[in-house]
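**Student:** I'd like to go over a predicted model; first the sequence, then the structure.
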Amino acid sequence: MSADTIDRRNTGLMTGLLVVGAAIAVVTFAIVAFALISQGHAAFNMDANVAWGLPIATYVYFALMSSGLTLIAALAMVFGFKQYYPLIKRAIWLAIITLVAGLAVLAMELGHTFRMLWALPLNLQIESAMFWMGVFYLLDLIFMAWKFQMMERGDWTSRLSRQVGIASFIAVLLAAGTLALIFGMMSMRPFWFDPTLPVWFYATAALSGVAALVFFTYLSYGMDRSGMPEGLRMDLEGPLPKLFLALAGITLVLFLSRMTTGLYANAPEVNVVWSDYLLASGWFHFAVWGGILLPFVLLLGRGMRNAPGVQMLAAILVLIGMFIERLYFVVGGQVVPLFKGTWERGLVEYAPSSTEWVLTVMGIALVFALYGLGERLFNLSDSPMAAAGEEAAGGQEAATSS
Amino acid sequence: MAKWGMVIDLDKCTGCQACTTACGMENDTLPGENWQDVLFYTEGEYPSGRMKWLPRPCMQCEDPSCVHVCPTRATYKDHDAGGIVFIDWDKCIGCKYCMIACPYGVRFFADEAPLVEPDLKEIFPGSGGRLWDPPGQSPDQNRKRGIGVQPKGVVSKCTFCYHRVSQAPEGVPDLDEDDPDLVEYVPACVRTCPPKARYFGDLDNADSNVNKLIANKKGVRLKDHTGNRPQVYYLGAGAGIPAFKPKS
Ligand code: SF4
Ligand code: SF4
């Protein structure tokens, strides 16, 4: 039934996204695969000091964006804020594809990806946060796909549909939380060691999720709100930008508290990382002041907040800023060399290799391609209200065709 | 079963790196990927500044954080093998979480840009999934315990020369390189050390020389606040790590 309701006006753009995105994804995949085959992991710049670099940061970026999108969808799915319904189908689709993109990047980074498929389930190392992260993200993916498929069938609110929504919300809390604890539980890495790290991950996940939702929604409608179904348009004129503002504000407060604690700490593994690595970098300053503070300020006034251009600008700033933040976060925990002697007295220097950047581009291209595909195949702006309206209009026809 | 431990006397160690070289030869490690290394530090400032150094194998921790984090149990502590921590190269997925979690920085992915030029991986290309095929390879290969030439995509580390130690007669309190009956079972670094700064023995044996040294000469473990409880002890002045201070 939904194929009939797809807004076809923009399918040209979406087909373009799909084709160009897929082409870039294939080419970048081939480049990385060739580099890995010919040079091994020497194609990446990680070493014994910085074991996790840009590929892991890219994975964290996409995985948390996915989690944030599900958290936003949960407002309608779980907490019953009905006005968010017109957003959730697109949010869940985006959550699925960003997670897939993140996992694809991760798969290229691991030393033995295929071995993981049997070594994880056969050894059940329940002591490892990484094991649980795998379990929870897998559940998350399954529940999201299930929920999406139900929405696609027009089942938004049946008992089972609601239960699956709740299950994916719980899975995502556990998944993003364990991802945080992979870092947060490492007492030998004081920069990361923080029992409240899941809070920071949830907040930044939701912020990047809302930014992705705003960005892709406007992309689908060519910045033109008048072409949107009414429910969706109303969301973008009120509740969504307000949520965006609130999340930017929360993230800003959390960031300031993290920065203050970090700078105040005497431990060099924390303090030096903040003063000599994070805050010594123009990119990092751009990420926080341009990627969190500026969007917050832009969205503060009501008039500005509701302007599509401002929303789009804020979304793009957040999407770029968060990416930089993830990279500095992941590398920051490793720049003070562990037990390496004077030969390494400075901070460890790490800059991603070109292959690492190509891998990141692969992830981004995958998201765009799959988004184009989603817009071609499904009506991502569908909502129970739209369905109800339709049924009222042409009830019998819908009833016979479904 | 023994609980193997190492004692390193810093008052005797000259920082000559013979242990590092012996380890590399014994275990076919790539240059720079030193399972055993000697770390040099400067501590303090003029006029009381001084240089210090300490040899650093894997500590074979009693409570090893590398084991807790490994999602596949590839890294494991074998109490039936002297409490040594091993890596099963057939299970390791190369996620490198253990490298993040080891406070002592003693784990090596090695499938990376060469640390020392020329790149021996190019000069002696590896076969059968190995990183390289060094000339004059050690005959001891045991993928289940991470012994031998390191394969691609996995992590490696010091095994206390398990392939030697495991051949020792049951119940010996110490493996002393001066004992002709035992010299072949002594870890390569211990056997090589010119000033005899390294000792190897059974920490569970009350009569072992290593236990006596730890007791009488006030042996300490490095970074004890991490709770990993190394099975490697240090004697003498300077058994500690200066706090990190970047060069200004
Ligand atoms: S020193 Fe590191 S690698 Fe060795 S057992 Fe301890 S935590 Fe594991
Ligand atoms: S790199 Fe290998 S040994 Fe280390 S945690 Fe991952 S699977 Fe375990």
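**Tutor:** Received, thanks. Ligands and ions are numbered 1, 2, ... in the order given.

**Student:** Every contact and neighbour count from this point should use C-alpha atoms.
**Tutor:** Noted.

**Student:** any idea how far the residue in the stretch 101-250 of chain A that chain B sits nearest to lies from A:Asp47?
**Tutor:** Of all residues in the stretch 101-250 of chain A, A:Gly111 sits closest to chain B, with a separation of 3.8 Å (CA to the nearest CA). Distance of A:Gly111 to A:Asp47, computed by CA to CA, to the nearest Å: 13 Å.

**Student:** In chain B, where is pLDDT below threshold?
**Tutor:** Scanning chain B for pLDDT under 70 picks out B:248.

**Student:** quick one: secondary structure of the residue in it sticking out farthest from the centre?
**Tutor:** Computed with CA atoms, centre = their mean, the residue of chain B farthest from its C-alpha average is B:Pro47, at 34.2 Å. Three-state call for B:Pro47 (DSSP: H, G, I helix; E, B strand; the rest coil): coil.

**Student:** what's the residue nearest to B:Val38 when sequence neighbours are not counted in contact with, if anything?
**Tutor:** Closest residue to B:Val38 apart from its sequence neighbours, by CA to CA, 6 or more residues apart in numbering or on different chains: B:Pro55 at 4.0 Å. B:Pro55 makes contact with B:Ile8, B:Gly15, B:Gln36, B:Asp37, B:Val38, B:Leu39, according to CA atoms under 8 Å, 6 or more residues apart in numbering or on different chains.

**Student:** B:Asp207 against B:Pro173, yeah?
**Tutor:** Yes - using CA atoms under 8 Å, B:Asp207 is in contact with B:Pro173, at 6.8 Å.

**Student:** For the two, indicate the residue with more neighbours.
**Tutor:** B:Pro173 (21 against 14; other CA atoms under 10 Å in any protein chain shown).

**Student:** which residue is nearest the centroid of chain A?
**Tutor:** Centroid-nearest residue in chain A: A:Met65, 1.3 Å away (criterion: CA atoms, centre = their mean).

**Student:** ok, now chain B?
**Tutor:** B:Pro57 (2.5 Å).

**Student:** where in the stretch 1-150 of chain A is pLDDT low?
**Tutor:** Short version for the stretch 1-150 of chain A, where the test is pLDDT under 70: A:1-11.

**Student:** now the strands: where do they sit in it?
**Tutor:** For the stretch 1-150 of chain A, applying DSSP state E, counting those that start in this stretch gives no strands.

**Student:** So which elements touch the top helix by length along chain B?
**Tutor:** For chain B, the longest helix by residue count, based on DSSP state H, is helix B:18-27. Where contact means 3 or more CA pairs under 8 Å, 6 or more residues apart in numbering or on different chains; DSSP states H and E, helix B:18-27 is packed against strand B:37-43, helix B:188-192.

**Student:** mind listing the helices for chain B?
**Tutor:** Using DSSP H, helices in chain B cover B:18-27, B:65-69, B:97-101, B:120-123, B:162-165, B:188-192, B:209-216.

**Student:** thinking again about what came up before, so which bits of the longest helix of chain B are buried?
**Tutor:** By 16 or more other CA atoms under 10 Å in any protein chain shown, the buried positions in helix B:18-27 come out as B:Ala18, B:Cys19, B:Thr20, B:Thr21, B:Ala22, B:Cys23, B:Gly24, B:Met25, B:Glu26, B:Asn27.

**Student:** any idea how far A:Ile92 lies from A:Gly341?
**Tutor:** 48 Å.

**Student:** more crowded one of the two?
**Tutor:** Using other CA under 10 Å as the criterion, A:Ile92 and A:Gly341 rank with A:Ile92 on top: 27 against 19.

**Student:** so the more buried one touches A:Leu71, yeah?
**Tutor:** No - in this structure, A:Ile92 is not within contact of A:Leu71 by CA under 8 Å, at 9.6 Å.

**Student:** Now the common contact residues for those two.
**Tutor:** With the criterion set as CA under 8 Å, 6+ apart, the contacts of A:Ile92 and A:Leu71 do not overlap.
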